[in-house]
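J.: Starting from these lines, generate the structure:
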Amino acid sequence: MGLIRPSALWFAALLSLPAFFQSLILQTLDVTDALIRFLVAVPVAALLLGGFRYVTADYGRQKKETGVQESPLVEGTISDATPRIAS
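T.: Residues are numbered from 1 along each chain as shown. Take a look at the predicted model:
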């Protein structure tokens with residue numbers, strides 16, 4: 001799941017930013033309460049990012065159909081599969 005990933009920690013900091021603002025700027029919230037909200041936000045952020053990674057894991061990957069083979073040839077080249085004229 002990755003609780004200590006930098007992305008999870010940054011996302012948790014973003015989620016708890018209003019608490020830090022109230023604590024450090026407005027001083028209407030205790031600093032320990034803001035830190036507790038950050039610690040609660042860390043597993044929540046890790047779960048949200050893990051779900052996002054799970055949903056987008058297969059994005060951009062193409063599944064090849066069975067029986068259909070794509071030719072890696074460049075236009076204008078001759079391959080071994082093309083019939084040749086006997087001279």
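
J.: before we move on, what SS does T32 have?
T.: On the three-state scheme (DSSP: H, G, I helix; E, B strand; the rest coil), T32 is labelled helix.

J.: For burial, what's the neighbour tally of it?
T.: By other C-beta atoms under 10 Å, 9 other residues sit near T32. For the C-beta atoms, the positions are set from N, CA and C on the backbone; glycine is no exception.

J.: Could you measure from it over to R61?
T.: If you measure T32 against R61 using C-beta to C-beta, to the nearest Å, the figure is 46 Å.

J.: Ok, G51 next?
T.: As defined by C-beta to C-beta, G51 lies at a distance of 19 Å from R61.

J.: higher neighbour count, these two?
T.: For G51 against R61, the residue with the higher neighbour count under other C-beta under 10 Å is G51, and the figures read 10 against 6.

J.: Per-residue pLDDT of G76, please?
T.: Predicted confidence (pLDDT) at G76: the value is 64.

J.: Ignore what I typed, I meant T66.
T.: The predicted local distance difference test score for T66 is 63.
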